[in-house]
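Visitor: Structural data only, the sequence is not supplied:
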């Protein structure tokens with residue numbers, strides 16, 4: 001589903017946009033390194049009560065933040081440009097496949113697993129592309145940030161001496177190992193708690209599409225419903241479909257409550273644990289006020305976005321980024337299960353049936369036998385009641 005675009009005729013503009021977005025992302029990581037250094041110098045100036053250095057740091061942070069804003073704005077703008085190009089190409093591909101050889105008709109007859117192909121094309125394509133780009137860019141930034149700041153953190157850590165009985169254990173770069181353990185534990189627990197959300201979000205899109213389709217079908221057949229007084233039956237059908245939406249929503253609520261309970265505490269811990277880990281060296285006078293704040297500023301928060309801009313990140317931002325891989329799997333699974341598998345199978349079935357029919361009776365055949373209507377019967381015209389309501393046979 002992802003590869004076809006990158007080998008298509010539109011791949012070169014897409015690759016160009018992706019290269020620029022990656023370059024801007026790397027530039028944002030570099031500015032984060034500079035902000036990290038500024039953070040150290042700024043709080044060191046406060047600690048030393050150096051007014052001249054304090055004023056210089058205020059000027060320096062102004063252009064650092066300005067440059068960061070410019071890179072962030074254009075990174076988002078060009079990322080959205082790539083997203084809409086990719087979506088236009090992939091949507092046209094699915095539409096052509098859906099309309100070729102009357103696949104839309106045959107899928108409706110025999111493909112039970114391909115529910116609501118219109119919703120898959122209209123919504124799931126966009127969700128797949130946006131979540132894939134977010135996952136790729138976020139992962140790239142996290143990896144580059146990790147490699148950049150591990151060296152800084154290693155230099156700040158020094159050595160931790162732990163007496164064990166009559167032995168002395170020396171652990172170099174102990175802050176790095178604590179950070180890795182904290183991030184790995186948070187990653188595993190987040191995936192374990194949030195894994196059921198993949199299936200729940202998959203079902204949510206299906207139930208919402210079924211309910212929406214029933215309303216559209218009702219609107220297109222209002223005359224028949226009115227003539228046969230079918231409102232109670234339609235209401236029961238609507239209520240049954242919406243009950244599936246409600247049950248699924250409650251499942252998402254319960255699972256999201258558990259996930260939020262963990263990620264909220266984890267996000268707050270990412271600001272507390274670094275200070276606790278650096279406190280022994282600070283109280284021994286081996287660290288100043290600046291380095292511990294540098295350590296806390298770039299603690300691993302499992303958001304996949306690297307060091308934040310100079311502000312305190314909201315817990316909701318962390319939860320959104322933690323959910324990115326799970327959101328990406330749901331539309332990918334729906335598109336893979338339906339369009340990618342069902343459409344080629346229907347084209348193969350059509351080819352087999354065509355060869356079989358050509359051996360039996362050459363020439364084109366209709367998709368279904370024409371309905372025979374007796375001469376004395378005709379469909380009711382607009383405003384005319386059927387025969388049963390007119391008293392006829």
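Guide: In hand now; what should we look at? These numbers were taken from a predicted model, which means no experiment stands behind them.

Visitor: switch to C-alpha atoms for all contacts and neighbour counts from now on
Guide: Noted.

Visitor: and residue 215, which of the three is it?
Guide: Under DSSP: H, G, I helix; E, B strand; the rest coil, residue 215 falls in the helix class.

Visitor: Look up how far residue 164 lies from it.
Guide: Relative to residue 164, residue 215 is positioned 71 Å away (Cα to Cα, to the nearest Å).

Visitor: Residue 227 now?
Guide: Distance of residue 227 to residue 164, given as Cα to Cα: 88 Å.

Visitor: So between the two, which is more surrounded?
Guide: Neighbours were counted for residue 227 and for residue 164 using other Cα atoms under 10 Å; residue 227 has more, 13 against 8.

Visitor: List the buried residues for the host helix or strand of the more buried one?
Guide: For residue 227, the host element (DSSP states H and E) is helix 222-228. By neighbour count on 16 or more other Cα atoms under 10 Å, the buried set for helix 222-228 is residue 225.

Visitor: Does anything pack onto it? Which helices or strands?
Guide: With contacts defined as 3 or more Cα pairs under 8 Å, 6 or more residues apart in numbering; DSSP states H and E, helix 222-228 has no helix or strand neighbours.

Visitor: Show the average pLDDT along the helix or strand that it is followed by.
Guide: Proceeding C-terminally, helix 222-228 gives way to helix 231-283 as the next helix or strand, assigned by DSSP H and E. Averaged over helix 231-283, pLDDT sits at 90.

Visitor: can you give me the offset of helix 231-283 from its chain's centre?
Guide: 16 Å (Cα atoms, centre = their mean, to the nearest Å).

Visitor: Output the contacting helices and strands for the helix or strand where residue 73 lies.
Guide: Here residue 73 sits within helix 51-99, counting by DSSP H and E. Helices and strands touching helix 51-99, by 3+ Cα pairs under 8 Å, 6+ apart, are helix 3-6, helix 11-48, helix 125-157.

Visitor: same for whichever helix or strand comes after it, what does it pack against?
Guide: On the C-terminal side of helix 51-99, the closest following helix or strand by DSSP H and E is helix 103-110. Secondary-structure packing of helix 103-110 (3+ Cα pairs under 8 Å, 6+ apart): helix 341-360.

Visitor: As CSV, the helices and strands packed on helix 51-99 with mean neighbour count and mean pLDDT would be great.
Guide: Formatted as CSV, those follow (neighbours: other Cα atoms under 10 Å; pLDDT from 0 to 100):
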stretch, mean neighbour count, mean pLDDT
helix 3-6, 12, 91
helix 11-48, 18, 92
helix 125-157, 18, 87
